[in-house]
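Novice: sequence first, then the predicted structure, then my questions.
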Amino acid sequence: MTSGDEKQPVILAAGGTGGHIFPAEALAEALLARGERVVLVTDQRFDQSLTGALSRVEKKLLTLRPPSGSPLRKILGVAGLVLGVFRAKKLLRSLQPRAVVGFGGYPSFPTVYAATKLGIPAIIHEQNSVLGRANRLLAHRVSRIAASFADMRMLAEKDKGKVVITGNPVRASVRALRHFPYAGLTQDGQMHLLVVGGSLGASVFSQVVPEAIAALPAGLRARIRIDQQCRAADLAATRAAYAALGVSADLAPFFVDVPARLAGSHLVIGRAGASTIAELAVAGRPAILVPLPTSMDNHQYFNAETFEDAGGGWVMTQDGFTPASLSARLEAFLTAPETLIRAAASAAAVGMPDAAERLADLVLSAAESGEDGWNEGSSPPCQMPRADEEEAA
C-alpha cells in the first residue's frame with residue numbers, strides 16, 4: 001500500500017521500443033510539470049540510459065513472452081499473459097494509481113487490463129492510424145481512447161464515442177523546432193538530406209540512396225549534404241560509396257541529436273512510424289516516407305498516406321523505392337525547391353505541438369472524475385499480439 005503522505009501516481013505502461021516510449025516520455029514530462037507522480041511500467045528493452053523525463057520517474061519491469069511461433073510457445077505465451085495480469089494487479093494494488101495510460105507493447109496490455117478489472121481509470125493512446133491489436137482488445141474496456149489521427153482504422157463502431165483526438169506527443173527537443181522555421185532550399189543552394197530508418201538505420205536506404213545520388217547530374221550531386229543512419233554492417237560500404245561520389249556525408253548507426261539535424265534538414269527520407277510522422281509535422285519538415293512493408297496491418301503505409309494527403313510529403317513503397325525513382329524525385333526538388341517549401345508548410349499545418357498537454361488534460365480529467373471502463377461481464381482475451389506488432393519506428 002502507498003503511504004499516507006505519498007501521492008498516488010499516474011502509471012504509464014509502454015513497450016520498451018521508441019514508438020511507444022517517446023510519447024510516454026512526452027506525457028511524463030507534462031505530468032511532472034504539473035506536480036504529478038509518474039511510474040513507468042515497461043519491459044527489458046527500455047534503455048535505462050535515456051535522459052529526459054523518464055530518467056526522473058520510478059520504473060517497474062513487466063516482461064512477457066509473446067504467444068507466437070510453435071504451439072508450445074503459444075501455450076507458454078498465454079500462460080505468461082495470465083501471469084502478467086496477475087503481476088500487474090499486484091503492482092496496481094501496491095501503487096494505488098490515480099489512472100493508468102497504455103501506449104501499446106507487451107507490458108501495456110496486462111497493466112491496462114488489470115486496471116479495468118480493479119476499477120481504476122484507464123486510457124489507451126493509439127499512435128498509429130490503425131488501432132493496434134493490443135489496443136483493439138482493450139478498447140471496449142477503457143474509458144477513453146486518445147488518438148493521434150482523426151481517422152482510425154480497426155476501431156469498432158461502438159467504441160468511437162470514446163475517442164478524443166490528442167495527437168501523438170513528441171519530445172520537448174522536437175517541440176522546440178516549432179520556433180525554427182523551415183529554411184527553404186534556394187535555387188542553387190546546398191540540400192541537407194537527413195536519412196533515418198528506425199533507431200539503427202535501414203539497409204534499403206544504404207543500398208538505394210547512394211545509387212540515386214550517383215545517378216544525378218554532377219552539378220546537382222555537388223549540392224547535396226547527407227546525414228544518414230546506417231546499420232553497423234552497412235556503414236563502411238555506404239561511407240565508401242559517398243566518398244567515391246565526392247558527397248559530404250555524416251554516417252552513424254544512431255544519432256543522439258536527431259532534433260538538431262532535423263532542424264537544419266531540407267528533406268527527410270525515412271520509415272513511417274507514428275513518432276516519425278508526429279515529429280515531422282511538429283517540426284514542419286517535408287519527407288519521403290518508405291513504409292516498412294512488414295508493419296502490422298500495414299499501419300505504416302496508412303500513417304504515411306495521411307501525411308501525404310495533408311501535403312507534407314510523398315509515399316514511396318519499398319518496391320517502388322528504386323535508385324531511378326528516388327533520383328528523379330531528388331532532381332525535381334533540386335530544380336524546383338518551392339515544392340519542398342510548400343510541403344514544409346503543409347506538414348507544419350497538421351502538427352500538434354500541444355499533444356502532450358492535451359493528453360495530460362484527458363488523463364487527469366479521467367482520474368479526477370473516477371471514470372473507468374470496467375465491464376464485470378467481460379472475459380479476458382486468450383491471446384496477445386504477435387511479436388511483429390511492435391512498431392519499427
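Specialist: Nice, I can see it.
Novice: helices of the stretch 101-250 of the chain, start to end?
Specialist: 108-118, 133-138, 172-175, 203-214, 218-221, 232-245 (DSSP state H, counting those that start in this stretch).
Novice: need phi/psi at residue 336.
Specialist: Here the main-chain torsion angles of residue 336 (degrees, to the nearest 10) amount to phi -140, psi 70.
Novice: what's the burial count for it?
Specialist: 12 (other C-beta atoms under 10 Å). The way it works is simple: take the backbone N, C-alpha and C, and place the C-beta from them, glycine included.
Novice: got the contact list for it?
Specialist: Shown in contact with residue 336 (C-beta atoms under 8 Å, 6 or more residues apart in numbering): no residues.
Novice: okay, residue 103 and residue 253: tell me how far apart.
Specialist: 25 Å (C-beta to C-beta, to the nearest Å).
Novice: which one of these two is surrounded by more residues?
Specialist: residue 103 (31 against 14).
Novice: next up, the contacts around that one.
Specialist: By C-beta under 8 Å, 6+ apart, the neighbours of residue 103 are 12, 13, 14, 15, 20, 21, 23, 24, 124, 125, 127.
Novice: identify the farthest-apart pair in these.
Specialist: Put simply, by C-beta to C-beta the two of these set farthest apart are 21 and 124, 15.7 Å from each other.
Novice: neighbour count winner among those two?
Specialist: residue 124 (30 against 26).
Novice: I'd guessed that one sits against residue 112; true?
Specialist: Yes. If you go by C-beta atoms under 8 Å, residue 124 and residue 112 touch, sitting 6.2 Å apart.
Novice: in the stretch 1-150 of the chain, where is pLDDT below threshold?
Specialist: Along the stretch 1-150 of the chain, the parts satisfying pLDDT under 70 run over 1-5, 49, 64-80.
Novice: show me where it has strands.
Specialist: Along the stretch 1-150 of the chain, the segments classed as strands by DSSP state E, counting those that start in this stretch run 10-13, 38-42, 58-61, 99-102, 122-126, 144-147.
Novice: residue 314 falls within a strand, correct?
Specialist: Yes. Judged by DSSP: H, G, I helix; E, B strand; the rest coil, residue 314 forms part of a strand.
Novice: skipping adjacent residues, who's closest to it in space?
Specialist: residue 288 (5.2 Å; C-beta to C-beta, 6 or more residues apart in numbering).
Novice: show me what contacts that neighbour?
Specialist: 267, 268, 269, 270, 313, 314, 316, 326, 329.
Novice: likewise residue 262?
Specialist: 174, 177, 194, 268, 279, 283, 285.
Novice: elements contacting the helix or strand harbouring the fifth one?
Specialist: The reference is to residue 279. Per DSSP states H and E, residue 279 falls inside helix 274-283. Judged by 3 or more C-beta pairs under 8 Å, 6 or more residues apart in numbering; DSSP states H and E, the packing partners of helix 274-283 are helix 18-33, helix 172-175, helix 258-263, strand 287-289, helix 299-309, helix 338-349.
Novice: quick one: mean pLDDT for it?
Specialist: Across helix 274-283, pLDDT averages out at 95.
Novice: that helix: how far from the chain's middle?
Specialist: 8 Å (C-alpha atoms, centre = their mean, to the nearest Å).
Novice: just want the angle from it to helix 18-33.
Specialist: 60 degrees (axes from the mean of the first three to the mean of the last three C-alpha atoms, to 10 degrees).
Novice: angle of helix 274-283 against strand 122-126?
Specialist: 80 degrees.
Novice: to residue 321, which of the helices and strands packed on helix 274-283 lies closest?
Specialist: strand 287-289 (8.3 Å).
Novice: show me which residues of stretch 235-255 are buried.
Specialist: Neighbour-count burial for stretch 235-255 flags 235, 238, 239, 241, 242, 245, 247, 249, 251, 255 (criterion: 16 or more other C-beta atoms under 10 Å).
Novice: cool, and stretch 354-361?
Specialist: Buried residues in stretch 354-361, counted by 16+ other C-beta under 10 Å: 354, 355, 356, 357, 358, 359, 360.
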